[in-house]
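Engineer: give me the fold of what follows.
(one chain, ligands or ions: 2)
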Amino acid sequence: MNPFIITGKVPAEYFCDRKEESQRIIRGLSGGENICLLSPRRMGKSKLIQFCYENNRIADSHYTFYIDILHTRSLQEFTFSFGQAVFSQLHSQSRKMLEYFIQGLKSINAKFGFDPMTSMPAFTLELGDISRPEYTLEEIFSCLEKADKPCIVTFDEFQQIGKYPEENIEALLRSHIQHLSNVHFIFSGSELHMISQMFLASSRPFYHSASILELDAIDAQEYIPFVSGHFNNAGIKIDDDDIRKIYNLFEGNTYCMQKTFHEVYDTLQSGEICTAGKLRETIDSIMEEAGTGYRLMLSGIPTRQKELLYAIAEDGIAEKIMSEKFIRKYSLASSSAVQTAAAKLKKIDLLTSRGGKYFIPDILLRLYLQKLTNPDKTFI
Ligand SMILES: Nc1ncnc2c1ncn2[C@@H]1O[C@H](COP(=O)(O)OP(=O)(O)OP(=O)(O)O)[C@@H](O)[C@H]1O
Ligand SMILES: [Mg+2]
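Structural biologist: Residues are numbered from 1 along each chain as shown. Ligands and ions are numbered 1, 2, ... in the order given. Here you go, the predicted model:
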């Protein structure tokens, strides 16, 4: 079995570190806090939440619900996904609660079916059955509030609610959440500008309603022995310095590192050595694989924005992008054009700025663009 898991559940023995973070989250939730978990993409938020859910302090004494709302486009879809998640979780955990839940959903309970094999209720609802999502939502929350154990609800990719057409969603959700004492929340997301505005701007409903936790990269001191340990177990030699090179290249991004070691691990057998050359080949093939998606994405981006993206990729971390010097260096149109393009790119999270510095948060994309402008480039 490949110990570097990149899809599906990560069993505890293949889960690296996150001791402090998980303790912090578990402590917070047990103490009644709501938590807003932020990080750049693929740093490990979702897996960390699942890891916490499995901890005894949570699993034994709570109902836990996890709803990824990335695909939802409206309050109706949000409510549907939420209801579905609560249903399926209670279905497997408590028949009594499940029945209570269905009875409580007065706005839709006539729509539930029955599984004749198990004589259990079945979730046979269609999206269209949620015709009054505000009511249904209220019913779901009030059922959880009265549950016989405390509940933890994660809304993953929470920034999505900002994209719904309805205008008062934040206020609506906030007004429910505020009144719940038996239900605590994790709001998780990767579109930093949207989420942080939601929770940090004093004018917004969610202001001060959750503790913000920014998930950083796993420490190199934890990650390097984790990797070398798994290679050693398989009888494959790998140099700590080479692991560190991968760590530095990807700035500790969990997915990129795990993907690299996963792929290279598959090509090696006991007695072999995982050399820097092998790692280089692996990165090239990962880049090639990701290229299909990136090319498609780039084809939908207007030229001005694309030019800026290339320029910032080449700089790595770019400063003063509206200066004469930067504009001349990369033959960009004008400082106002750069400003407009940067704003657009930030909006779709292809670009991030912090303290006047600009960078492409998707490291793999950044490297991919660098390679496009400079095909001979090697990364480690
Ligand atoms: N502590 C860990 N140990 C080992 N692998 C991990 C760990 N955390 C995350 N991973 C791996 O890293 C990848 C990204 O993790 P995850 O999906 O949790 O990130 P995310 O921050 O939720 O990403 P996204 O922003 O795309 O939702 C996954 O493939 C997962 O298998
Ligand atoms: Mg996630």
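Engineer: quick check: the gap between Asp68 and Ile108.
Structural biologist: Taking Cβ to Cβ, to the nearest Å as the measure, Asp68 falls 22 Å from Ile108. C-betas here are computed from N, CA, C, even on glycine.
Engineer: please say which of those two ends up with more neighbours.
Structural biologist: Between Asp68 and Ile108, Ile108 has the larger neighbour count (other Cβ atoms under 10 Å), namely 19 against 16.
Engineer: how close does that one sit to Val153?
Structural biologist: Distance, Ile108 to Val153, using Cβ to Cβ: 19 Å.
Engineer: residue in the stretch 101-250 of the chain nearest to ligand 1?
Structural biologist: In the stretch 101-250 of the chain, the residue that lies nearest ligand 1 is Ser190 (3.8 Å; Cβ to the nearest ligand atom).
Engineer: nearest residue to that residue other than its sequence neighbours?
Structural biologist: Closest residue to Ser190 in three dimensions, ignoring its sequence neighbours and counting by Cβ to Cβ, 6 or more residues apart in numbering: Arg41, at 4.6 Å.
Engineer: does that neighbour touch Leu192 like I think?
Structural biologist: No. Counting by Cβ atoms under 8 Å, Arg41 stays clear of Leu192, with 9.8 Å between them.
Engineer: of the two, who's got more company?
Structural biologist: Comparing Arg41 with Leu192 by other Cβ under 10 Å, the one with more neighbours is Leu192, at 19 against 16.
Engineer: next, count neighbours for the closest residue to the more buried one other than its chain neighbours.
Structural biologist: Excluding the flanking residues, the one nearest Leu192 by Cβ to Cβ, 6+ apart is Leu38, at 6.1 Å. Neighbourhood size, Leu38 [other Cβ under 10 Å]: 22.
Engineer: look up how far ligand 1 lies from Leu38.
Structural biologist: Noted for Leu38: a distance of 9 Å to ligand 1, by Cβ to the nearest ligand atom, to the nearest Å.
Engineer: wait, that residue sits on Glu214?
Structural biologist: Yes. If you go by Cβ under 8 Å, Leu38 and Glu214 touch, sitting 5.1 Å apart.
Engineer: following element in sequence after the helix or strand harbouring Phe231, please.
Structural biologist: Mapping Phe231 onto the secondary structure by DSSP states H and E places it in helix 220-233. Going down the chain from helix 220-233, the next helix or strand is strand 237-238, by DSSP H and E.
Engineer: next SSE after that following strand?
Structural biologist: Later in the chain than strand 237-238, the nearest helix or strand by DSSP H and E is helix 240-249.
Engineer: centre of the chain to the next helix or strand after that next one, how far?
Structural biologist: Sequence-wise, the next helix or strand downstream of helix 240-249 (DSSP H and E) is helix 254-266. Its chain's C-alpha centre and that of helix 254-266 lie 18 Å apart, by Cα atoms, centre = their mean, to the nearest Å.
Engineer: my guess is the residue of the stretch 101-250 of the chain closest to ligand 1 contacts Ser39, does it?
Structural biologist: Yes. Assessed by Cβ under 8 Å, Ser190 is found in contact with Ser39 at 6.5 Å.
Engineer: quick check: neighbours shared by the two?
Structural biologist: By Cβ atoms under 8 Å, 6 or more residues apart in numbering, Ser190 and Ser39 have these common neighbours: Lys45.
Engineer: more neighbours, these two?
Structural biologist: Ser190 (23 against 20).
Engineer: can you check the pLDDT for the residue of the chain most remote from its centre?
Structural biologist: Farthest-out residue of the chain from its mean C-alpha position, per Cα atoms, centre = their mean: Pro116, at 37.9 Å. We have a pLDDT of 79 for Pro116.
Engineer: swap in Phe112?
Structural biologist: 78.
Engineer: ok, it - how many residues close by?
Structural biologist: With other Cβ under 10 Å as criterion, Phe112 counts 16.
Engineer: quick one: the top helix by length along the chain near ligand 1?
Structural biologist: As assigned by DSSP state H, the longest helix anywhere in the chain is helix 276-299. No. With Cβ under 6 Å from any ligand atom as the criterion, ligand 1 is not reached by helix 276-299; the gap is at least 13.0 Å.
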